[in-house]
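Engineer: no sequence on hand, only this structure:
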């Protein structure tokens with residue numbers, strides 16, 4: 001395990017102290033979790049961008065064309081803003 005020293009504004013330090021106390025975790029654990037969450041978001045974004053760049057519109061349209069054009073089952077329908085199944 002590594003140790004780092006990070007300078008934080010006093011106001012942020014106080015907020016971290018309060019939130020970690022409310023969550024009943026140490027400040028170190030809270031900060032480590034927050035950093036892990038941010039790293040996860042950034043690596044996921046990078047992964048999705050790389051996948052998108054490999055996308056092929058022609059292959060997408062071919063796959064879409066193979067999907068049967070049928071009405072979805074009742075339980076699989078999207079509801080509109082009034083709570084009714086669309087297409088009803």
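Structural biologist: Everything's here; your move. Model, not experiment: these values are computed from the prediction. Residues are numbered from 1 along each chain as shown.
Engineer: tell me the predicted confidence for the residue positioned nearest the centre of the chain.
Structural biologist: Among the residues of the chain, the smallest C-alpha distance to the mean C-alpha position (Cα atoms, centre = their mean) belongs to residue 41, namely 6.8 Å. Model confidence at residue 41, given as pLDDT, is 97.
Engineer: same check on the one 4 residues further on?
Structural biologist: Per-residue confidence (pLDDT) for residue 45: 96.
Engineer: and residue 2, how many neighbours?
Structural biologist: When counting by other Cβ atoms under 10 Å, one arrives at 3 neighbours for residue 2. Yep, even glycine has a C-beta here, placed from its N, CA and C like the rest.
Engineer: also residue 34?
Structural biologist: Summarising burial for residue 34: neighbours were counted as other Cβ under 10 Å, giving 13.
Engineer: SS state for it?
Structural biologist: Three states are possible here, and by DSSP: H, G, I helix; E, B strand; the rest coil the one that applies to residue 34 is helix.
Engineer: any idea how far residue 50 is from it?
Structural biologist: Look at residue 34 and residue 50: by Cβ to Cβ, to the nearest Å, they are 25 Å apart.
Engineer: next one: residue 19
Structural biologist: 34 Å.
Engineer: try residue 5
Structural biologist: For residue 5, the distance to residue 50 equals 34 Å [Cβ to Cβ].
Engineer: give me the more crowded residue out of the two.
Structural biologist: For the pair residue 5 and residue 50, the greater number of neighbours falls to residue 50 (9 against 4), based on other Cβ under 10 Å.
Engineer: just checking, next helix/strand downstream of the helix or strand hosting the more buried one?
Structural biologist: Under the criterion of DSSP states H and E, residue 50 resides in helix 27-53. Later in the chain than helix 27-53, the nearest helix or strand by DSSP H and E is helix 57-65.
Engineer: average model confidence for that following helix?
Structural biologist: Helix 57-65 carries an average pLDDT of 94.
Engineer: kindly report the same for stretch 18-35.
Structural biologist: In this model, stretch 18-35 has a mean pLDDT of 97.
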